[in-house]
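1. 3D, please:
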Amino acid sequence: QVQLVESGGGLAQPGGSLRLSCVASGFTFGNYAKTWARQVPGKGLEWVSGISSDVRVTYYTGAAKGRFTISRDNAKNTVYLEMNSLKPEDTGLYYCAKHLTNSIASGMDSWGQGTQVTVSS
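-> Now for the predicted structure:
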């Protein structure tokens with residue numbers, strides 16, 4: 001069965017960095033686009049960044065652009081989110097998700113359990 005397991009969250013100071021990882025199993029990892037999203041306290045689920053299966057297409061929301069970098073290693077079945085210049089408003093539960101196809105324009109059908117990121121001094 002499809003499994004997505006996130007890790008790498010924790011407490012960071014404003015201006016600091018964290019690197020999130022999501023290890024997947026149960027499907028052919030390289031065939032599907034992946035997304036990072038976050039659940040922010042008091043808000044709904046926010047899409048943070050996506051990456052196509054062939055790495056040619058990446059997408060970032062305005063809040064992530066210039067500070068976060070998404071990448072993937074198909075040989076390791078892992079997608080990463082490098083987060084720099086962290087702000088308190090980046091605090092949230094970060095999820096990775098598998099898309100239905102190789103395109104980030106497709107819907108998502110599987111989610112991990114999330115990893116908590118807290119940005120605070």
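
2. tell me the secondary structure of the residue most central in space within the chain, please.
-> The C-alpha lying nearest the average C-alpha coordinate of the chain belongs to Trp36 (CA atoms, centre = their mean; 2.5 Å). For Trp36, the secondary structure call by DSSP: H, G, I helix; E, B strand; the rest coil comes out as strand.

3. what about it, distance to Ile70?
-> Here the distance between Trp36 and Ile70 works out to 6 Å (CB to CB, to the nearest Å). (Glycine included, C-beta is placed from N, CA and C.)

4. over to Ala105?
-> According to CB to CB, Ala105 and Ile70 sit 16 Å apart.

5. ok, Pro88 next?
-> Relative to Ile70, Pro88 is positioned 22 Å away (criterion: CB to CB).

6. between those two, who's got more neighbours?
-> Each of Pro88 and Ile70 has its neighbours counted (other CB atoms under 10 Å); Ile70 has more, 23 against 11.

7. check contacts around that one.
-> Shown here is Ile70, whose contacts under the criterion CB atoms under 8 Å, 6 or more residues apart in numbering are 34, 36, 49-51, 58, 60, 79-82.

8. flag every buried residue along the particular helix or strand that has it in it.
-> Following DSSP states H and E, the helix or strand that holds Ile70 is strand 68-73. Of the residues in strand 68-73, those buried by neighbour count under the rule 16 or more other CB atoms under 10 Å are 68-70, 72.

9. what is the nearest of those residues to Gln13?
-> Proximity of the buried residues of strand 68-73 to Gln13, judged by CB to CB, is greatest for Phe68, which lies at 16.8 Å.

10. now the closest residue to the closest one other than its chain neighbours. Its backbone dihedrals?
-> Nearest in space to Phe68, with sequence neighbours left out and distances taken as CB to CB, 6 or more residues apart in numbering, is Met83 at 5.1 Å. Backbone geometry at Met83, expressed as degrees, to the nearest 10, gives phi -120, psi 120.
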